[in-house]
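*Asks:* let's see this in three dimensions:
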Amino acid sequence: MIFSRIRWRIAIPYVVLLIASLVGLFLCAASLMRTMYLDRLETQLQAESRVLSEVFQEPVSRGEPGGDVQEMAERYSQLLQARVTVIRADGKVLADSEYPWSTMDNHLIRPEVRQAIHVGVGSRTRLSDTLTYEMLYVAVPITLDGTMQGVMRVAMPLSQIEAELSSLRQALIVVAVITGMAALLLSVLIAERTAAPIRRLTRVAQRLTKGDLDARLLPSTRDEVGVLTRAFNEMADTLRDTIERLDDERSHLSAVLKHMADGVLITDGRGAVQLMNPGAEQILGVKMADTLGKSLAQVARHHDIIDLWNRCYQGGEEQASLIEVDRREAFLQVIVTPLHSAEPHACLVILQDLTRVRRLETIRRDFISNISHELRTPLASLRALADTLRDGALEDPPAARRFLDRMDTEVDALAQMVCELLELSRIESGQVPVRLVSTPLKDAIVPAVERLRPQAERAGLALHLTLPEDAPNVLADAERVQQVVTNLVHNAIKFTPTGGQISVGMRVEGEEVIVVVRDTGVGIPDEVLPRIFERFYKADRARSRGGTGLGLAIAKHIVQSHGGRIWAESKEGRGSALYFSLAVAGSPADHS
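*Replies:* Residues are numbered from 1 along each chain as shown. Coordinates of the predicted model:
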C-alpha cells in the first residue's frame, strides 16, 4: 500500500540508493582507512626502530643479554607505548619489554627478522608465539662500523590498532548517519514537493466529482505539473459550462413533464420503465420509486395498454387508441411512439386522461336530456290544455277557468325553472355577492326549518331541530345559508314517506361547524350518489315527485362560495344524510 503514493515511490528508491551508496562508501572508507592507518603505523614503527637501533648499537655489540639492555628496552617501551625486542645477530634474544628474555626461543627464524637481515627492514602482522595475540612487527638491523650486530624489533598489538580504528569507524558511522538522515529528509521534502501539487489536484478533482463545479487550483509552478493544472482548470471550466447547460435543459424538460396533465413514460429496449412523470403516477395509481426498472406490464397492468405497446415495439410505428379502464372508471387516450434515436426498441408512452372530458360530455347529454324532459312535460300539458279550450271548453266557463288555472300552474313551474337556472348561473359566475360576517348559527338555520315545518306536517312527517344554546357563530351570509337549509330540508320532505322523520342538527369539528339534515326516506342508490349535486340530475323515482332538480346544485355552489364542503351519505331504503360545513367565526379559515 505504501507504494500506492507517489511521494513514497519517489522517496523510497532514492533513500535505498542513498543507503546502499553510503554503506558501500563506508566499507570502502573503512578498508582504506585501515590500510592507510597500518601503513602509517608501520612507517612510524620503522622510524622508531631505526632510532632505537642506533641507541642500542653499543650495548648489543657487547652481546650480553639482560642487564642494561633489558632496562633500556623496558624504558623505551614505556616511552613509545610499544613492545621492544633486542635480538643478537645469531638470533639470541638479549631483551624484551613484554616477556622474559631468558625463556624466549631463537628469533632468527622469525619472518620479520629474516626480512630485516636480508632486505634491511622487515614487517609482518602475525600471531605472537609468546604472547598469543596478533601484533604488527617491524624490524631493522643494528649495525656498528658497517657490521651487523643484531636486530631491533618494535611491535604493537593489533587490538590497540583495532580500538583506534573502531573509534575512527564510529566517527565515520556518525557522519554517515547524519548525512543519511539529512539526505532522507531532503528526499522526502523533494518527493513531497513533487507530490503535493498532484494531491491538491486530486482533491480538487474529487470535489468536482461531488458536484462542486467551482473547484479550481492555482498553478504554483511552470513545470509539467503547472501545465497539467492549467489544463485541468480549462477542462473544469468546460465541464461546468456543459453541465450547467445540460442542467438547464433538464430543468426545463423536468418542469414540462412535472406540470403536464398527461402521463409520460419512457421504456428502454427491454421494455423496462426508465422515466415517469407525476401525471403518469396519478393516472396509473403507482409511485415512481416503485416502478422504475420494472416492465411496462407490471406498471400499467392493463392489457389494452400492453397490447398497444407491443404493436409499437414489434412494428416500430406509432400506435394510438382510446382505452377505457373499467376498474377505475377512467377513459384514456394512449399514444405509443418509437424512440429510434435514443435506443433500439425504446418507446415513448403518452397517457391522456379523457375521463373528465367524457364525464362532462355525459353531464352535457344528461343536462340536455333532463332539461328537455322538464320542459317537455309542462309544454305538453299547456298544449293539451290549449287544444282542449280550442275544441270547445271555452263554451263551458267553469271548465275553462279550471283549465286556465292549470295553465297558470304550468307557466309558474316554467317560470320557477327559468328563475332557478338564472340563479344557478349567477351563482356559478360569481355575480351573486356573498357577505361573510359573524352570524349566530340559529339565524341561519331556524328560519328555514320553521318555514318548511307546515309542509312537513301536511306530508305526515316529524321535523326535529336540535341546536345547542352554546352553538358558535359562523362566518356566513345568513340569507344564503337559509337557502341551502331550505333546499336540503325540502329535498328530504320529497323523498320521505308519510310517518317518517327528518332531523336537523350540528356538531363542531376543529374550526368548522358541520350541519346535517337526516331523513328516513327511500335513500339514494350508490351508483348515483356522486351525481346528486349535478344540475337537473334526478333518480328515476324523483321525476314523479316534481321539482326542477336544481336545488342541490344551487346548495353546492352556495356552500362552496362560503369556503365549505357539502356531501351526502345514504343507504338505499334506509334514508339519507346531507352535510355541509361552515367556518367558525374568528378562526384562521375566515381569511382563506
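
*Asks:* beta partners of the closest residue to Arg507 other than its chain neighbours?
*Replies:* Excluding its sequence neighbours, the residue lying closest to Arg507 (C-beta to C-beta, 6 or more residues apart in numbering) is Ile514, at 5.2 Å. (C-beta placed from N, C-alpha, C; glycine too.) Applying DSSP bridges to Ile514 gives these bridge partners: Arg507, Ser581.

*Asks:* what number of residues lie near Ile514?
*Replies:* 16 (other C-beta atoms under 10 Å).

*Asks:* correct me, but it touches Pro472?
*Replies:* No: between Ile514 and Pro472 there is no contact under C-beta atoms under 8 Å: 11.8 Å.

*Asks:* common neighbours of these two, please.
*Replies:* Counting by C-beta atoms under 8 Å, 6 or more residues apart in numbering, the residues touching both Ile514 and Pro472 are Val508.

*Asks:* what about the strands in the stretch 151-300 of the chain?
*Replies:* Assigned by DSSP state E, counting those that start in this stretch, the stretch 151-300 of the chain shows strands spanning 263-267, 273-276.

*Asks:* assumed Val504 was part of a strand.
*Replies:* Yes: applying DSSP: H, G, I helix; E, B strand; the rest coil, one finds Val504 inside a strand.

*Asks:* looking at the strands of the stretch 151-300 of the chain, which is buried most?
*Replies:* strand 263-267 (a mean of 22; mean count of other C-beta atoms under 10 Å).

*Asks:* and that one, which strands flank it?
*Replies:* Sheet pairing for strand 263-267, using DSSP bridges, gives strand 273-276 (antiparallel), strand 347-353 (antiparallel).

*Asks:* between the strands of the stretch 151-300 of the chain, which gets nearest to Ser167?
*Replies:* strand 273-276 (82.4 Å; C-beta to C-beta).

*Asks:* for the protein, which helix is longest?
*Replies:* The residue-count maximum for a helix in the chain (DSSP state H) belongs to helix 158-209.

*Asks:* what's the offset of that helix from the middle of its chain?
*Replies:* 44 Å (C-alpha atoms, centre = their mean, to the nearest Å).

*Asks:* out of the strands of the stretch 151-300 of the chain, flag the one nearest Gln314.
*Replies:* Of all the strands of the stretch 151-300 of the chain, strand 263-267 sits nearest to Gln314, with 13.5 Å by C-beta to C-beta.

*Asks:* hmm, back to that, per-residue confidence for the residue nearest to Arg507?
*Replies:* Looking at Ile514, its pLDDT reads 94.

*Asks:* so where's the stretch 301-450 of the chain uncertain?
*Replies:* 326-329, 342, 363, 366-367, 369-371, 373-374, 412-413, 416-417, 419-432 (pLDDT under 70).

*Asks:* so Ala585 makes contact with Leu475?
*Replies:* Yes: using C-beta under 8 Å, Ala585 makes contact with Leu475 at a distance of 4.8 Å.

*Asks:* circling back to that earlier point, for Gln319, which of the strands paired with strand 263-267 is the nearest?
*Replies:* strand 347-353 (9.3 Å).

*Asks:* coming back round to it: list residues touching both of Ala585 and Leu475?
*Replies:* Going by C-beta under 8 Å, 6+ apart, residues that sit against Ala585 and also against Leu475 are 438-439.

*Asks:* rounded mean pLDDT for the strand or helix carrying Arg126, please.
*Replies:* Here Arg126 sits within strand 122-127, counting by DSSP states H and E. Regarding strand 122-127, the rounded mean pLDDT is 87.

*Asks:* could I get the strands paired with strand 263-267 as a markdown table with distance to Arg451?
*Replies:* Formatted as a markdown table, the strands paired with strand 263-267 follow (distance: least, C-beta to C-beta, whole Å):
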| stretch | distance to Arg451 |
| --- | --- |
| strand 273-276 | 56 |
| strand 347-353 | 44 |
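
*Asks:* closest to Leu186 out of those?
*Replies:* Using C-beta to C-beta, the nearest of the strands paired with strand 263-267 to Leu186 is strand 273-276, at 57.9 Å.

*Asks:* show me where the stretch 301-450 of the chain has strands.
*Replies:* 319-325, 330-338, 347-353, 437-440.

*Asks:* okay, the residue of the chain positioned farthest from its centre: pLDDT?
*Replies:* What lies farthest from the middle of the chain is Arg62; by C-alpha atoms, centre = their mean that is 109.9 Å. The model reports Arg62 with a pLDDT of 81.

*Asks:* measure the nearest residue to Ala215 once chain neighbours are set aside to Arg200 for me?
*Replies:* Sequence neighbours aside, Arg207 is the residue nearest to Ala215 in space, at 3.9 Å (criterion: C-beta to C-beta, 6+ apart). Distance of Arg207 to Arg200, computed by C-beta to C-beta, to the nearest Å: 11 Å.

*Asks:* count the neighbours of Ser77 for me.
*Replies:* With other C-beta under 10 Å as criterion, Ser77 counts 20.

*Asks:* mind listing what it touches?
*Replies:* 83-84, 97-98.

*Asks:* what's the pLDDT at it?
*Replies:* pLDDT, Ser77: 89.

*Asks:* any idea which element it lies in?
*Replies:* For Ser77, the enclosing helix or strand under DSSP H and E is helix 68-80.

*Asks:* after that helix comes which helix or strand?
*Replies:* Heading C-terminal from helix 68-80 (DSSP H and E), you reach strand 83-88.

*Asks:* and that following strand, what does it pack against?
*Replies:* Applying 3 or more C-beta pairs under 8 Å, 6 or more residues apart in numbering; DSSP states H and E, one finds that strand 83-88 contacts helix 57-62, helix 68-80, strand 93-96, strand 134-144, strand 147-157.

*Asks:* nice, that's everything, thank you.
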